[in-house]
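Asker: No letters, just coordinates:
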Ligand SMILES: [Fe+2]
Ligand SMILES: [Fe+2]
């Protein structure tokens, strides 16, 4: 992909090993089957994190998930918030599971500067480029889909469900706002939301 940066094969392998080990360390019933599904039936370890925003390169989704794990772990280590270690692992690493089997490579005509045509006139220069597109075969929502995929294999605690469902922050134009209402019960939804945007907008490469 012509995105100007990439994640090396070694780094992608290391990310896969780390994520797999962390998930299995939770000993949550069903986790082995969930890890097997992710590894053999999805593109979790090769998918990008977005089409053209943060980490839109091969392996971006796994890298982003680890960034959110690091950010959330730091908030707990700093004493900002108390979250069970297994909950930190499960919510941070799986919050964007909805993005598996979701991104596809497409060829698109994109404008790249200008060129001089046969009549000596400056015109747009169109070139064919490979870009990431989206093919959503189960469009039930973002956090909602992650929760659904995860719960096919393991049981989520209420707090974990809330964190994953609401990790994108407040929904627009709704009252009462489920994010704020839930944050009063589980402040960890705020911690995963900020970990997610800090990763996507501060830590991670963007186009
Ligand atoms: Fe997300
Ligand atoms: Fe995310």
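Answerer: Structure's in. What do you need? Please read all numbers here as calculations on a predicted model, not as lab measurements. Ligands and ions are numbered 1, 2, ... in the order given.
Asker: which parts of the protein sit against ligand 2?
Answerer: Residues of the chain lying close to ligand 2 by CB under 5 Å from the ion are 96, 196. Just so you know, the C-beta spots here come from the backbone N, C-alpha and C atoms, and that holds for glycine as well.
Asker: Checking the residue of the chain most remote from its centre next. Helix, strand or coil?
Answerer: Distance to the chain centre peaks in the chain at residue 119, reaching 47.9 Å (criterion: CA atoms, centre = their mean). Of the three states, residue 119 takes coil under DSSP: H, G, I helix; E, B strand; the rest coil.
Asker: Can you pull the phi and psi angles for it?
Answerer: With angles defined as degrees, to the nearest 10, residue 119 sits at phi -100, psi 10.
Asker: The closest residue to residue 15 other than its chain neighbours: which element?
Answerer: Using CB to CB, 6 or more residues apart in numbering and skipping residues adjacent in sequence, the residue nearest residue 15 is residue 62, 4.5 Å away. If you go by DSSP states H and E, residue 62 is part of helix 60-77.
Asker: mind checking pLDDT for the residue nearest to residue 81 when sequence neighbours are not counted?
Answerer: Spatially, and ignoring its direct neighbours in sequence, residue 81 is nearest to residue 191 (5.0 Å; CB to CB, 6+ apart). Model confidence at residue 191, given as pLDDT, is 98.
Asker: Any figure for the gap between the most centrally placed residue in the chain and residue 63?
Answerer: For the chain, the residue nearest the mean C-alpha position is residue 96 (3.9 Å; CA atoms, centre = their mean). Relative to residue 63, residue 96 is positioned 11 Å away (CB to CB, to the nearest Å).
Asker: Between the two, which contacts overlap?
Answerer: Common neighbours of residue 96 and residue 63 (criterion: CB atoms under 8 Å, 6 or more residues apart in numbering): residue 49.
Asker: quick one: the helices in this protein?
Answerer: With DSSP state H as the criterion, the chain has helices at 9-25, 31-41, 60-77, 85-94, 142-151, 158-165, 178-185, 188-198.
Asker: Quick one: closest of those helices to residue 111.
Answerer: Among the helices of the chain, helix 60-77 comes nearest to residue 111, with 24.4 Å by CB to CB.
Asker: and the residue nearest to residue 15, how many neighbours?
Answerer: Neighbour count for residue 62, taken as other CB atoms under 10 Å: 28.
Asker: Please look at it and residue 13 and confirm they touch.
Answerer: No: between residue 62 and residue 13 there is no contact, the gap being 10.2 Å when judged by CB atoms under 8 Å.
Asker: What distance do you get for residue 52 to residue 34?
Answerer: Distance, residue 52 to residue 34, using CB to CB: 29 Å.
Asker: Just list whatever residues bridge to the closest residue to residue 53 other than its chain neighbours.
Answerer: Closest residue to residue 53 in three dimensions, ignoring its sequence neighbours and counting by CB to CB, 6+ apart: residue 206, at 5.8 Å. As for beta bridges, residue 206 partners with residue 54 under DSSP bridges.
Asker: Leaving aside the residues adjacent along the chain, what's closest to residue 182?
Answerer: Per CB to CB, 6+ apart, closest to residue 182 is residue 162, 4.9 Å.
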